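Colleague: Sequence below, structure please.
(chains A and B)
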Amino acid sequence: LAKTTQPISMDSYEGQEVNITCSHNNIATNDYITWYQQFPSQGPRFIIQGYKTKVTNEVASLFIPADRKSSTLSLPRVSLSDTAVYYCLVSGSARQLTFGSGTQLTVLP
Amino acid sequence: DARVTQTPRHKVTEMGQEVTMRCQPILGHNTVFWYRQTMMQGLELLAYFRNRAPLDDSGMPKDRFSAEMPDATLATLKIQPSEPRDSAVYFCASGFSQGDILSTDTQYFGPGTRLTVL
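Modeller: So this is what the prediction gives:
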């Protein structure tokens, strides 16, 4: 099982870029890296997924170094509504899904 | 806008009672996941179904929990008998799996069932 480690919490201000890093030292060859966002009283919501290098979509970018032992979720110009818990998920063909403890991002005005 | 639905949204019961939680996956999805979320343990995978067959339920206490998919539109999670330590939010998620690489599947989560066992 690929275990993930994330910072427990982060604070930022509106308009800033936020980078949240996840460590997954024993990631397997078949594992992809997925990030989810969770608001209070809601289920997690898919943000972005990648395997290596850089992936970008309309809400975020995901940077994965060559050794794939970590990944960084980048949120450009955050707003108050981005306050949520962000989870890094690494899983693969072992059919075991491990959500980390998540990072509570608080965006301040 | 297709969504995963879960019922009930809230359930309060007494210790020893049977609890049944229901999930309707998104039409066309062939994988269903059951998770439990608590402050202490975070998100834990309880069971995973693919094409209605249980592929992994190793995260589920077998003596009291059971998960089934009577048909493609309904997944159930039962607890009998319930205990106070079962109090948590239970999430169902569905997705479409195109291969054996589970990690490529995007999961769509329902709103959860908040269970309180007194």
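Colleague: can stretch A:27-40 be found next to chain B?
Modeller: Yes. Using C-beta under 8 Å from any C-beta of the partner chain, stretch A:27-40 reaches chain B at A:N30, A:D31, A:Y32, A:I33, A:T34, A:Y36. (C-beta placed from N, C-alpha, C; glycine too.)
Colleague: what about the residue lying closest to A:L105 once chain neighbours are set aside, how many neighbours?
Modeller: Once flanking residues are discounted, A:L105 sits nearest to A:M10: 5.2 Å by C-beta to C-beta, 6 or more residues apart in numbering or on different chains. Look at A:M10: counted by other C-beta atoms under 10 Å in any protein chain shown, it has 16 neighbours.
Colleague: Just put the residues of stretch A:27-40 next to chain B in CSV and tack on neighbour count and distance to B:K78.
Modeller: Listed next are these as CSV, based on neighbours: other C-beta atoms under 10 Å in any protein chain shown; distance: C-beta to C-beta, whole Å:
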residue, neighbour count, distance to B:K78
A:N30, 15, 33
A:D31, 22, 32
A:Y32, 20, 32
A:I33, 26, 33
A:T34, 25, 29
A:Y36, 24, 26
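Colleague: what's the distance between A:D31 and A:T72?
Modeller: 16 Å (C-beta to C-beta, to the nearest Å).
Colleague: List the neighbouring strands of the helix or strand containing A:I48 plus their orientation.
Modeller: Assignment of secondary structure by DSSP states H and E places A:I48 within strand A:45-50. Partner strands and pairing direction for strand A:45-50 (DSSP bridges) are strand A:32-38 (antiparallel).
Colleague: Output the partner strand as PDB, nothing but the C-alphas.
Modeller: Below are the C-alpha coordinates for strand A:32-38, written out as PDB (Å, rounded to 0.1, in the frame of the first residue of the first chain):
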ATOM      1  CA  TYR A  32      -1.700   7.100 -10.300                       C
ATOM      2  CA  ILE A  33      -1.900  10.200  -8.100                       C
ATOM      3  CA  THR A  34      -5.300  11.800  -7.600                       C
ATOM      4  CA  TRP A  35      -6.300  14.800  -5.600                       C
ATOM      5  CA  TYR A  36      -9.800  15.400  -4.100                       C
ATOM      6  CA  GLN A  37     -11.400  18.300  -2.400                       C
ATOM      7  CA  GLN A  38     -13.900  18.000   0.400                       C
END
